[in-house]
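*Asks:* A structural model of the following input is requested.
(chains A, B, C and D)
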Number of protein chains: 4
Amino acid sequence: MQKIDVLSGYVELINMMPHPSQGISADLYAVNMARTSFLGESKGEEADLKLLKYLIEHKHLSPLEHIKFTFKVKVDIATARQWFRYRTGVFSELSRRYTEVDEDEFYIPTDFRAQSSNNKQASDGLISNQVGAQNIFDSIVASAWDSYAKLIELGVAREQARLVLPVASMTTFIWTTDARNLLHFLKERCDEHAQYEIRQYALAIMKIVRCYMPHTLKFMEM
Amino acid sequence: MQKIDVLSGYVELINMMPHPSQGISADLYAVNMARTSFLGESKGEEADLKLLKYLIEHKHLSPLEHIKFTFKVKVDIATARQWFRYRTGVFSELSRRYTEVDEDEFYIPTDFRAQSSNNKQASDGLISNQVGAQNIFDSIVASAWDSYAKLIELGVAREQARLVLPVASMTTFIWTTDARNLLHFLKERCDEHAQYEIRQYALAIMKIVRCYMPHTLKFMEM
Amino acid sequence: MQKIDVLSGYVELINMMPHPSQGISADLYAVNMARTSFLGESKGEEADLKLLKYLIEHKHLSPLEHIKFTFKVKVDIATARQWFRYRTGVFSELSRRYTEVDEDEFYIPTDFRAQSSNNKQASDGLISNQVGAQNIFDSIVASAWDSYAKLIELGVAREQARLVLPVASMTTFIWTTDARNLLHFLKERCDEHAQYEIRQYALAIMKIVRCYMPHTLKFMEM
Amino acid sequence: MQKIDVLSGYVELINMMPHPSQGISADLYAVNMARTSFLGESKGEEADLKLLKYLIEHKHLSPLEHIKFTFKVKVDIATARQWFRYRTGVFSELSRRYTEVDEDEFYIPTDFRAQSSNNKQASDGLISNQVGAQNIFDSIVASAWDSYAKLIELGVAREQARLVLPVASMTTFIWTTDARNLLHFLKERCDEHAQYEIRQYALAIMKIVRCYMPHTLKFMEM
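*Replies:* Numbers count the residues shown, from 1 in each chain, chains lettered A, B, ... in the order given. Below you'll find the model as predicted:
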């Protein structure tokens, strides 16, 4: 389906329910669920959208939970750790107990952001010495992978050798969630208070989801 | 309440429901919930234990969900990532966007395990060159912290500087879960197929929990 | 702890975490969880309340999930069915497969409300013929119980005989939920769009909860 | 898709993910999720089934959570109340605050089961006076509907009039759940200790699900 490159990784929609081949928009699907009616049954676009708007304005959001999205995501571990806090989704992650890490599997930032002076939990603008930071970053990531490779060579188990890898290491997972919880995730993570990295991923997902349920997003003011 | 040191961290029981000051064992509490009766009401120890055994043998485990445990845990990030997959619990984690990491906040293994030859996902015995592995490990962890400190000095935001820290970095969180899901966690993570590190934490928690609900654990053959 | 009669039933707080004997208000407990600090540790009331207000205004509500409330509730089946839709709580219900129903175990309304003319899903004011409705109601409830008793007498299993009982039959359950989800329940069910019956129960619960976390409710504008 | 009549109601599969039009069996889909691989990618049927068997035998069941089933169900309220206890699913139910109940919307048993003499919570065999029980049952259900109709005629709101209807009243809902939790439901409700009514529904659902994931059910010994 759709795949968008984000930073050193990507997000890819790999499945959804209703499936596009069924020819029912997710917007109409939510209305069908609220009416407990046949899939695809419409009372006319105007009546359908009026009900959808009503449901969202009155926060009757459970019909959205019947709609499912499955994404494949490649992202750094620090960002993945924020992502996995959304406990209503299902995550299947590639295990580093099972597979080795390749030399190029790291997130390398291209801009180094400054610590915010008035928000202890945020960044604000860029630091002046970009080249200095880039050198430190590149060098330690290369050393970490080198140490990992040496430990593997000494016969250390993958599950233990990975301990030396930086949280900038990339991980890959499949994530299935429902539209209600997905929109909640997007609301929080497309927000400007979210960390820059996860925000780029969330914006890419929002772009994809908007194709399938444009009216729901519009009524939610997203 | 009880605190047990585990590897470079610890587990500490900081609260539970029923609270010990109420003078009701968690074993009896589960029986009260199943009977929808008054807290602490007993039909005699024999009848109470007979019902508890019946509930567990017939997998009527929902009464156990009224019993809550809250632990404070300090553990490396790799292990925390396995832990956070248990989505029924509540986690409050110390944020590294907010606080800096100290020099000694790393898990340093004392034994390096060998990759299992017949199980792609496990370790098996120890490698021969323990000193070599230890040197590689200590050295890269020290370098990583040094790089982190330098990035902070250059003014890089904590949320971004942390990317160079190894997954061996320690993290601290508070975890609240119910007895049913806690026992499920313990069953999986005290198992010999679980990774060594999380198993040590799970065994420490089991030791604590056994003090409060000894009969439940016994009937579950734990 | 506290018990409030509601319609033909009641709500009773039977336990909570933190337990009152611990001497920590639930308001402060939420702040402790957010800070990952010791239970009861305060940075002064002003600083504590400032953080609590910040958490609520920025919707960082997960610290509230460590706070648990357990209620015993007696309520009619129609209302219980609305209640059990809140899937994050734990419910232990007295089973009618197991115990017989007594003659007086029914919710008998004292006022009969009129169907709203402009909201297909609500009531609005009272009907004029209150006595007529009361007679119909009392009579059919008495007949239903009589039929139930006769089926039991013929030897019909309780699990099947109960099918003739009205949804006005009372049921008793124990409900454990966390403060975040409890406040969400109260927000929806104390609302004037909620059905009259469940609203009375929700208002009684709000009265109880307000004693234990007054500032949280105030900051949530409840 | 498939619809099976059960007692006075039915179960109907109305959607699933993966959708049949995608041409991937749910068995293979689970394997794809465990491998974090492309949908439909096979390493040969033998290798695929070997992995599926391994996952199930070692209780690595989370890949099954990516598979979703949506059913439309018509069932009596007593059975629905047992069903709704499975809190991991999503339920959208036709509201009786919104729509009136028709005269024929009741579950009428054709056999009356006897109370078990050795299990307080079960039935065992049939009672001798079937005709007597049938008459009591038919008569009170007819009276209840008559009382309901009279209350509606007096102008009583639907949300309140429904209180006189028996728990034998039929209700209709849409249920979406994942394969892991669905199989857990089937294991418990196809069991001979489950009440007769819900067991008939569960057996019908198992028949449908077996068409889509025959190997998963076989490896689970279902």
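*Asks:* the bottom helix or strand of chain A by mean pLDDT?
*Replies:* Lowest on mean pLDDT, DSSP states H and E among the helices and strands of chain A sits strand A:123-126, with a mean of 90.
*Asks:* quick one: strands adjacent to that one?
*Replies:* Here strand A:123-126 has these sheet partners by DSSP bridges: strand A:113-115 (antiparallel).
*Asks:* average pLDDT across the partner strand?
*Replies:* For strand A:113-115, the mean per-residue pLDDT is 94.
*Asks:* that older thread, the least confident helix or strand of chain A: how far from the chain's middle?
*Replies:* A distance of 23 Å separates the centroid of the chain from that of strand A:123-126, by CA atoms, centre = their mean, to the nearest Å.
*Asks:* same deal with stretch A:132-142?
*Replies:* 26 Å.
*Asks:* I figured A:Q195 hits A:D76, correct?
*Replies:* No: using CB atoms under 8 Å, A:Q195 is not in contact with A:D76; the gap is 11.0 Å. Heads up, the C-betas are built off the backbone N, CA and C, glycines and all.
*Asks:* so which of the two has more stuff around it?
*Replies:* More crowded of A:Q195 and A:D76, by other CB atoms under 10 Å in any protein chain shown: A:D76, with 24 against 19.
*Asks:* from A:V156, how far out is the more buried one?
*Replies:* Here the distance between A:D76 and A:V156 works out to 23 Å (CB to CB, to the nearest Å).
*Asks:* returning to what we had before: who's in contact with the least confident helix or strand of chain A?
*Replies:* Strand A:123-126 is contacted by residues A:111-118, A:195-196, B:157, B:159-160 when judged by CB atoms under 8 Å, 6 or more residues apart in numbering or on different chains.
*Asks:* please redo it, this time with the cut-off set to 10 Å
*Replies:* Strand A:123-126 is contacted from outside by A:111-118, A:133, A:195-196, B:97, B:155-161, using CB atoms under 10 Å, 6 or more residues apart in numbering or on different chains.
*Asks:* can you tell me which of the residues you listed are buried?
*Replies:* Among the contacts of strand A:123-126, those that count as buried by neighbour count (16 or more other CB atoms under 10 Å in any protein chain shown) are A:112-116, A:133, A:195-196, B:97, B:155-161.
*Asks:* of those residues, closest to B:I24?
*Replies:* Closest approach between the buried ones among the contacts of strand A:123-126 and B:I24, by CB to CB: B:R97, at 41.0 Å.
*Asks:* hey, where'd the strands end up in chain A?
*Replies:* All strands of chain A, identified by DSSP state E, fall at A:3-6, A:9-17, A:68-76, A:90-93, A:113-115, A:123-126, A:170-178.
*Asks:* contacts only, for the residue nearest to A:L61 when sequence neighbours are not counted.
*Replies:* Once flanking residues are discounted, A:L61 sits nearest to A:R180: 4.8 Å by CB to CB, 6 or more residues apart in numbering or on different chains. Neighbouring residues of A:R180 by CB under 10 Å, 6+ apart: A:30, A:61-67, A:88, A:216, D:90.
*Asks:* same list (these) but as CSV, adding neighbour count.
*Replies:* Shown next, in CSV, are the contacts of A:R180 (neighbours: other CB atoms under 10 Å in any protein chain shown):
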residue, neighbour count
A:A30, 28
A:L61, 19
A:S62, 19
A:P63, 24
A:L64, 26
A:E65, 20
A:H66, 27
A:I67, 26
A:T88, 14
A:T216, 27
D:V90, 22
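*Asks:* which non-adjacent residue is nearest A:V90?
*Replies:* D:E65 (4.1 Å).
*Asks:* my read is that the one you found contacts A:W175, right?
*Replies:* No: in this structure D:E65 lies outside contact range of A:W175 using CB atoms under 10 Å: 11.0 Å.
*Asks:* can you pull the phi and psi angles for A:Y98?
*Replies:* A:Y98 adopts backbone torsions of phi -100, psi -40, taken as degrees, to the nearest 10.
*Asks:* how about it, nearest residue that isn't a chain neighbour?
*Replies:* Leaving out its chain neighbours, A:Y98 is closest to B:Q121 (CB to CB, 6+ apart), at 4.9 Å.
*Asks:* of the strands of chain A, which is nearest C:Y107?
*Replies:* If you check each of these against C:Y107 by CB to CB, strand A:170-178 wins as the nearest, at 34.7 Å.
*Asks:* which secondary structure elements does the closest one sit against?
*Replies:* strand A:9-17, strand A:68-76, helix A:77-83, strand A:90-93, helix A:179-189, helix D:26-35 (3 or more CB pairs under 10 Å, 6 or more residues apart in numbering or on different chains; DSSP states H and E).
*Asks:* adding mean pLDDT, write these out as TSV.
*Replies:* TSV is the format used below for the helices and strands packed on strand A:170-178 (pLDDT from 0 to 100):
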stretch	mean pLDDT
strand A:9-17	98
strand A:68-76	98
helix A:77-83	97
strand A:90-93	95
helix A:179-189	97
helix D:26-35	96
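*Asks:* okay, these in CSV with distance to D:L203 next?
*Replies:* What follows is these, written out as CSV (distance: least, CB to CB, whole Å):
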stretch, distance to D:L203
strand A:9-17, 25
strand A:68-76, 26
helix A:77-83, 39
strand A:90-93, 27
helix A:179-189, 31
helix D:26-35, 19
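*Asks:* distance check, A:I77 against A:R96.
*Replies:* 10 Å.
*Asks:* give the contact list for the residue nearest to A:L28 when sequence neighbours are not counted.
*Replies:* In space, and not counting its chain neighbours, A:L28 is closest to A:D48: 5.9 Å by CB to CB, 6+ apart. Going by CB under 10 Å, 6+ apart, A:D48 touches A:25, A:27-28, A:30-32, A:35, A:41-42, A:215.
*Asks:* model confidence score at A:D48, please.
*Replies:* You'll see A:D48 listed with a pLDDT of 96.
*Asks:* distance of it from chain C?
*Replies:* As judged by CB to the nearest CB, to the nearest Å, A:D48 and chain C stand 17 Å apart.
*Asks:* can you check A:Q160 too?
*Replies:* Per CB to the nearest CB, A:Q160 is found 27 Å from chain C.
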